[in-house]
Structure formats: C-alpha cells, structure tokens
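Colleague: Let's see this in three dimensions:
(chains A and B)
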Amino acid sequence: MDFILSGLKEALWLLINLDPETISAIDVTLKSSTLSIIFSIIIGLPLGFCLGFFNFPGRKALKLLSDTLLAIPTVVVGLIVYAFISNRGPFGSYELLYTLPGIVIGQTLLALPIIVSLSATAVEGMEKKLYLTLASFGLTTIQMIQSVVWELRHALVAVAVAAYGRVVAEVGIAMMIGGNIKWFTRTITTAISLETNKGEFATGIALGIVLISIAFLLNFMLFFLKKRARIAV
Amino acid sequence: MKPFVYELQNLRTLYGEKPVLDIHSLKVEEGEILGLVGSNGSGKSTLLRHLAFLEAAQSGKLQYCGLDATSIPLSIRRDISILLPEPYLLKRTVRENLLFGLKVRGEAHNSDQRIHEALELVGLLPKKFMHRAWHELSSGETQRVALASRLVLRPKTLLLDEPTNSLDYSGIPQFTDAILHANREWGTTVIIASHDLLWLSEIATRKIGLHFGRLMDFSTTNLIVGKWREKDDERFFDFDETQSMSLPKSYRIGEKRGVAINPRDISISLTPFECKEDLICLTGIIRDVLHLTKTNEISLKIVIGNHVLECIESFEYFERYHFYPSQNVSVSFAKSAIKVPSKEA
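Modeller: You can find the predicted model right below:
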C-alpha cells in the first residue's frame, strides 16, 4: 500500500511543480489528439452527414462498415498505418514513422469511423418533424444541409467529444507509430505504460490523474451537450 | 370567378397497399378559407403535405397556380407555408425562428418591423418574447411562434394542420384574427384541417369532408361507424337495444366506412314524430346546444344509445321550442338522408 500512497504524493508534487517530462507527455497527447480530431471532423462529418441524410445505393453497406470499424482495435490501426509509413511501405519516403504527424494520421483513422458512424446516426435519427419543418420553408439543398447541421449541433459536438475521448485514451497507435520517444512522441498513455513497467509509479499516477481529469471533463461536456440536445427535442 | 390556386384530379396515395388518399377532383379558389374535416386517419394531414409539396402523391394531377406539381420552381413553392401539427421550433430564439424563413428568401433586411407585426398578430408581446429561447416557451406559445414564423413570410397560401391543438380557449380568438388578417390583408388562401368543428365553422368559407382518404359529397359530422346486422332483405344498425335504423340490403355498407347523415337532414321535436315507412324515428337526450354565429343556426348534439347525432336547426325554430341540454327529444330523418360514403364530390 505504501508505494501507492507515496506514488500519489509524488505525483501531486510532479504536477504542482510542472515536471517537464510529465508536461511534455501531456503536451504531445493534447496536440496529437486535437489535430487528429480536427482532421477526422473535416473528413468524417461530411461523410457521416451524407450517409445519414441521402439515400443512395450501397448506403446500408457503408453504414454497416462504419459501424463495424467503430470497434476496430487501436493496435490494428497502428499495424495498418505502420505498414504504410514504415521504410518499406508506400509512404516510407515521407519518414512519418516515430513522429507526431505519424501518430496524428493513425489517430485520425481511429476517430474517423466514430465521427462518420455516430454523426450518420444523429442525422438519420433526426426527427421527421424537424425535417418537414425545414423542408416547409422551401430550402435549397445547401440551405437544408446548413440548417440540419446547425439544428443538430449539440448532437454533432457530442459525437466529436466522444471521439476525442477514444483518441486521448488510446495507447496502441501512439506506441506503435510514435515509438514512445521521450520529449517527442511520448504520450500520457505510453508514458504510464512505460513508467509503470519501470516501477516509476509516481509519474504513472500523475499522468493517470491528468488522463482521468481529461476524461471527466469530456464526460461532463457530453452530459451537458446531451442535455441541451434533449431540451432541443 | 376567382382563379384556382389548387386543382387536383385523381390524386392517389398509398401507404403500402393501403390507400390513404384518393381524391377524384378538388379545386381551391384564390382567397378562400377552406376547412378540412374528418376523423383521425382520414387523410387530412397527407393531403396538406401534398399541397405543401412536402410529399408527392403516387398518381394523379396536382396543380398549383396552373403549374404541375413536378415543375413548380422553388420561388413559387416558397409562396406556400405550412404549419404542421405539434409544431417544431428551430433551436434558436423566437426572433431567429421568425427570421429564418425571411433569411432563406433573402428578405431579412428591415425585418424587425415584420417580426413585430407577426408576433403581435398571434398575441405575443414582441418585447417580452423576441429573445426567448425555444425551450423557454409553453406549448401554446410554441404554437403561436410557429404560426408567427409563417405569417411573417406573408404567404400566398397558408396550410394549417390542427392549428388550435395546443391553444386554450382564450388563445383561439387571437389565432382566428391572425388567420383572417392574412386572408383579408394579404389575400392569403388558407386551408385548415381541424377537429374543432365549431371553430372551423366560424372561420372557413367552405368545408369539405374527408373520410378514408376520399372527399365526401357533403360536409357532415354525423359519421356512423359500426356493425350492421342482416335480417330478411334489410340491414339494421342498432343505436341501443331498442332503437335501430334500417336500409335495404342493396346498399353496400362498409362497416369501417360507415354511413353519414347531414345534420341539416335531421329533424327534432319535443313530441314524437308520426313515423312513416320511409322515415327513421328515434328518441334521445340533448347533450350540447351551440350557436353557429356565422349562419345563425343552432347545433344540437343528441345522444341516442351509444351514439351522438348532430342536428342543425334554424335559430327561429330553437327560439320557438327552447331546447336545452338533458332534454328528451324525438329525432327523425328520411332513409334517403343516410348516405353511404363511397362516391366522391
């Protein structure tokens, strides 16, 4: 028990004193997660909207695929990205392996099915009343898309927050693509894994506290957004 | 004669294999206020959605201002505004809800005056309600804001589906005035589907009945639906254990479709009628007495066994006999007044 308590004490000390190694891992995590979420929203939201809004041949199969990819293990994404960006891979010349951009690519691919599938579900589940009300104003297709996105804004932001939660807590991609290089690609999760293996519980616990705080913050936002979305209905 | 806004011919819509709308012919004149009556599932809402071009019929012709449904440009479609039942407000403030339609049409400049006018028309104080969020409104206020967001567009055609659903009695006159204002000041053609027959009688210049998706050749509230028993060459409908009406077997009565009797074809009296062979004579108790101000007639709801028949009499007749609720009365109508609603208007 003593080592846990002393680890906790030391962790708080590290956080209060802004230990550079700990702060570096937090910095890398926030950078990679935020960038990958931005990219996955830019790519995934229009795809999810089309999947949920328009009727076209193969729509159901695509939805099934994106739903299936929701459960894809992070190590599998890591493996695929590794295969493409390693020296022997087709994009090996870009030297992305063991870099932050490499992690961002992997995490974007991880978040993409979440954004596509959940935003498609949100748009698909849009109330018929909302659709008919908007349609009754005689909107052009562009106006309709803009209005639907705005009306579903709380639900769509909730989707992004959920995806962020998954990315920020993942370890497989960061470990395989980033390589857990101190000061460069070491994220909170890879650092926890390494420090614990080394017996450095204090750093592990300190980073764990930060990760749990981020998770709490995200869930608080989700709770708030879902409440807003419910009021809106 | 005024030009027709809508012209419908052989308009037919099926949900699965079930026909929900089957209109042989219907024309709506510019500037009229048309009331649609009918029970739940009679096709009123479907018809309104077709008229708003939110849904297309499977077959038949639907023309708006001489243009075929398939070739109506968006600019013309925007002349039509529909208020759906249980209206849905956009997740914005009241002002933004009213502004939305104007923005879509590129008419948002100098909009504040129009927004004020529309809110005042539906009886909401602009200062108090302009900046309220959608979730800070009661259901009645939501209904008013929804109507205001249609009125602010000054539509050429206004379609209202059960518009008084969430309103209390004090809110209805204001709503009526707003609709009449649109009709008189802007020449708006109004089509209203409502269960509130009394209100509809007040506001509508013409009423049509829908029954199982079909237009009826009379507007009636007396739809009698139920089982008919056969005996010899006749079919009998039992109001209760002792009272029934009969029709020859040659009438093809659908149990679900029922039969209809025009309230003006029914006579009532405090003394029993001399019942001839071609007459149906019943006795009942008056439940409601209502004054139809527009036509200066009296509507009497009479309970006969498990059924209620509406009878409309002139005001003079009512004054002479002083009918009142709970009174026992004799009711009579000709067998020929019993219509089997299979033919359309």
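
Colleague: make it CA atoms for all contacts and neighbour counts henceforth
Modeller: OK.

Colleague: C-terminal to the longest strand along chain B, what's the next element?
Modeller: Secondary structure of chain B per DSSP state E: the longest strand is strand B:279-292. Downstream of strand B:279-292, the next assigned helix or strand under DSSP states H and E is strand B:297-304.

Colleague: For chain A, which residues are neighbours of chain B?
Modeller: Residues of chain A lying close to chain B (Cα under 8 Å from any Cα of the partner chain) are A:129-130, A:132-133, A:135-139, A:143, A:151, A:231-232.

Colleague: Now the two most distant members of those.
Modeller: Largest separation among these by Cα to Cα: A:138 and A:231, giving 25.8 Å.

Colleague: Give me the below-cutoff pLDDT ranges for the chain.
Modeller: Just going to use chain A. A:1, A:229-233 (pLDDT under 70).

Colleague: try again with chain B
Modeller: Chain B contains residues with pLDDT under 70 at B:217-221, B:254-257, B:341-345.

Colleague: how is it carved up into domains?
Modeller: Domain assignment for chain B, taken from automatic domain parsing, gives B:4-215, B:222-339.

Colleague: Next up, the contacts around the one residue in the stretch 151-300 of chain B that gets nearest to chain A.
Modeller: Nearest residue of the stretch 151-300 of chain B to chain A (Cα to the nearest Cα) works out as residue B:153 at 9.6 Å. Counting by Cα atoms under 8 Å, 6 or more residues apart in numbering or on different chains, residue B:153 touches B:101-102.

Colleague: Comparing residue A:138 and residue A:231, which shows the higher neighbour count?
Modeller: Neighbour count, other Cα atoms under 10 Å in any protein chain shown: between residue A:138 and residue A:231, residue A:138 has more, with 24 against 12.

Colleague: quick one on the thing from earlier: deepest of the domains of chain B, which one?
Modeller: Burial of those is given as mean neighbour count (mean count of other Cα atoms under 10 Å in any protein chain shown); domain B:4-215 ranks first at a mean of 19.

Colleague: from the chain's centre, how far out does that domain sit?
Modeller: Here domain B:4-215 is found 12 Å from its chain centre; the criterion is Cα atoms, centre = their mean, to the nearest Å.

Colleague: Could you grab the helix/strand/coil label for the residue nearest to residue B:12 when sequence neighbours are not counted?
Modeller: Of all residues not flanking residue B:12 in the chain, residue B:22 sits nearest, at 4.4 Å (Cα to Cα, 6 or more residues apart in numbering or on different chains). Of the three states, residue B:22 takes strand according to DSSP: H, G, I helix; E, B strand; the rest coil.

Colleague: Next, the contact list for residue B:22, please.
Modeller: Contacts for residue B:22 were tallied using Cα under 8 Å, 6+ apart; they are B:10-13, B:213-215.

Colleague: For those residues, which two are the farthest from each other?
Modeller: Pairwise distances across the contacts of residue B:22 (Cα to Cα) peak at 13.7 Å, for the pair B:13 and B:215.

Colleague: if I read this right, residue A:24 contacts residue A:183, doesn't it?
Modeller: Yes: with contacts counted by Cα atoms under 8 Å, residue A:24 reaches residue A:183, the gap being 5.8 Å.

Colleague: between those two, which one's more packed in?
Modeller: Under the neighbour definition other Cα under 10 Å, residue A:24 and residue A:183 were set side by side, and residue A:24 has more, 19 against 15.

Colleague: Please report the distance of that one from residue A:44.
Modeller: For residue A:24, the distance to residue A:44 equals 29 Å [Cα to Cα, to the nearest Å].

Colleague: residues touching the residue in the stretch 101-250 of chain B positioned nearest to chain A, list them.
Modeller: Closest approach between the stretch 101-250 of chain B and chain A, counting by Cα to the nearest Cα: residue B:101, at 6.0 Å. Neighbouring residues of residue B:101 by Cα under 8 Å, 6+ apart: A:137, B:149-150, B:153.

Colleague: Phi first, then psi, for it.
Modeller: Backbone geometry at residue B:101, expressed as degrees, to the nearest 10, gives phi -60, psi -40.

Colleague: Could you list every helix and strand in contact with the helix ranked longest in chain A?
Modeller: Ranked by number of residues, the top helix in chain A under DSSP state H is helix A:20-53. On a contact count with 3 or more Cα pairs under 8 Å, 6 or more residues apart in numbering or on different chains; DSSP states H and E, helix A:20-53 meets helix A:59-69, helix A:100-124, helix A:153-168, helix A:188-198, helix A:201-232.

Colleague: What residues of that helix count as buried?
Modeller: Residues A:22-37, A:39-41, A:44-53 are the ones in helix A:20-53 that count as buried (16 or more other Cα atoms under 10 Å in any protein chain shown).

Colleague: Over to stretch A:187-195?
Modeller: Across stretch A:187-195, burial judged by 16+ other Cα under 10 Å covers A:187-192, A:194-195.

Colleague: Please identify the residue of chain A positioned nearest to chain B.
Modeller: Of all residues in chain A, residue A:138 sits closest to chain B, at 5.3 Å by Cα to the nearest Cα.

Colleague: Excluding chain neighbours, what is closest to that residue?
Modeller: Residue A:138's closest residue in space is residue B:78 (Cα to Cα, 6+ apart), at 5.3 Å.

Colleague: try residue B:282
Modeller: Distance criterion Cα to Cα, 6+ apart; nearest residue to residue B:282, sequence neighbours excluded, is residue B:331 at 5.0 Å.

Colleague: residues touching that neighbour, list them.
Modeller: B:266-269, B:273, B:281-284.

Colleague: go with 10 Å
Modeller: Neighbouring residues of residue B:331 by Cα atoms under 10 Å, 6 or more residues apart in numbering or on different chains: B:266-273, B:280-285, B:302, B:304, B:309, B:311.

Colleague: tell me the angle of the helix or strand containing residue A:83 relative to helix A:100-124?
Modeller: Per DSSP H and E, residue A:83 falls inside helix A:74-85. In terms of direction (axes from the mean of the first three to the mean of the last three Cα atoms, to 10 degrees), helix A:74-85 departs from helix A:100-124 by 120 degrees.

Colleague: residues in contact with stretch B:55-75?
Modeller: If you take Cα under 10 Å, 6+ apart as the criterion, stretch B:55-75 is touched by A:132, A:138-140, B:3-15, B:21-30, B:46-53, B:76-77, B:80, B:105.

Colleague: how about a cut-off of 6 Å?
Modeller: For stretch B:55-75, the external contacting residues (Cα atoms under 6 Å, 6 or more residues apart in numbering or on different chains) are B:5-13, B:49-50.

Colleague: Among those, which one lies nearest to residue B:131?
Modeller: residue B:49 (30.6 Å).

Colleague: Next up, the contacts around the closest one.
Modeller: Per Cα under 6 Å, 6+ apart, neighbours of residue B:49: residue B:55.

Colleague: On the three-state scheme, it is what?
Modeller: Assigned by three-state DSSP, the conformation of residue B:49 is helix.

Colleague: Residue B:87 now?
Modeller: Recorded secondary structure, residue B:87: coil (three-state DSSP).

Colleague: Tell me how far it lies from residue A:130.
Modeller: Residue B:87 is 9 Å from residue A:130, where distance means Cα to Cα.

Colleague: And the helices in chain B?
Modeller: Using DSSP H, the helices assigned to chain B run over residues B:44-51, B:74-77, B:94-104, B:112-121, B:126-129, B:139-151, B:172-185, B:197-203, B:315-321.
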